[in-house]
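K.L.:
here is my input; please provide its structure:
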Amino acid sequence: HYQPVGTTDSEMAFCYLLNRLKSQFSEPPSDEVLFQFLTTICRELSALGLFNCLISNGDWQLAYAGSLLFFITRKAPFGEAKLADSELAIDFSEVTSQTDKVTLITTIPLTYNEHWQQLYVDECLMFR
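P.N.:
Residues are numbered from 1 along each chain as shown. Coordinates of the predicted model:
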């Protein structure tokens, strides 16, 4: 049903994942069932070569680490973050509220003065 428009392996993997979802479920599954299903598909794709995956339905973000993935969750009290590859810094307390909460997921840590957590290889996490 879903066909890649371009030629990237990422697009092929995404269409494969969507087609598997369409063939497996006639109605939307629970988040728990969907998480288990996506984890299984991500592991299958990772067995074919280097594969990281970030996918979201608007309510949650799934992150699968076939290789390097890091994340950080920022929430109050906010402080200063210093970029790892430049002399730029931002004080998040000046641009956020006490109720803000955000998680960043990257292949390498973007800042050097914050504690980034690394996903294990073959680990899949869901962020809400």
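K.L.:
can we go C-alpha only for contacts and neighbour counts from here?
P.N.:
Noted.
K.L.:
quick one: residue 5 from residue 71, how far?
P.N.:
30 Å (C-alpha to C-alpha, to the nearest Å).
K.L.:
who has more neighbours, those two?
P.N.:
Comparing residue 5 with residue 71 by other C-alpha atoms under 10 Å, the one with more neighbours is residue 71, at 19 against 9.
K.L.:
and the helix or strand encompassing the more buried one, what's buried?
P.N.:
Counting by DSSP states H and E, the element that carries residue 71 is strand 70-75. Neighbour-count burial for strand 70-75 flags 70, 71, 72, 75 (criterion: 16 or more other C-alpha atoms under 10 Å).
K.L.:
immediately after it, which helix or strand?
P.N.:
Immediately after strand 70-75, counting by DSSP H and E, sits strand 80-82.
K.L.:
chain center to whichever helix or strand comes after that next one, what's the gap?
P.N.:
Toward the C-terminus, strand 80-82 is succeeded by strand 89-91 as the next helix or strand (DSSP H and E). Centroid separation between strand 89-91 and its chain, computed with C-alpha atoms, centre = their mean, to the nearest Å, is 24 Å.
K.L.:
helices or strands next to the helix or strand following strand 89-91 in the packing?
P.N.:
The helix or strand immediately downstream of strand 89-91 is strand 101-106, counting by DSSP H and E. Packing contacts for strand 101-106, counted by 3 or more C-alpha pairs under 8 Å, 6 or more residues apart in numbering; DSSP states H and E, involve strand 70-75.
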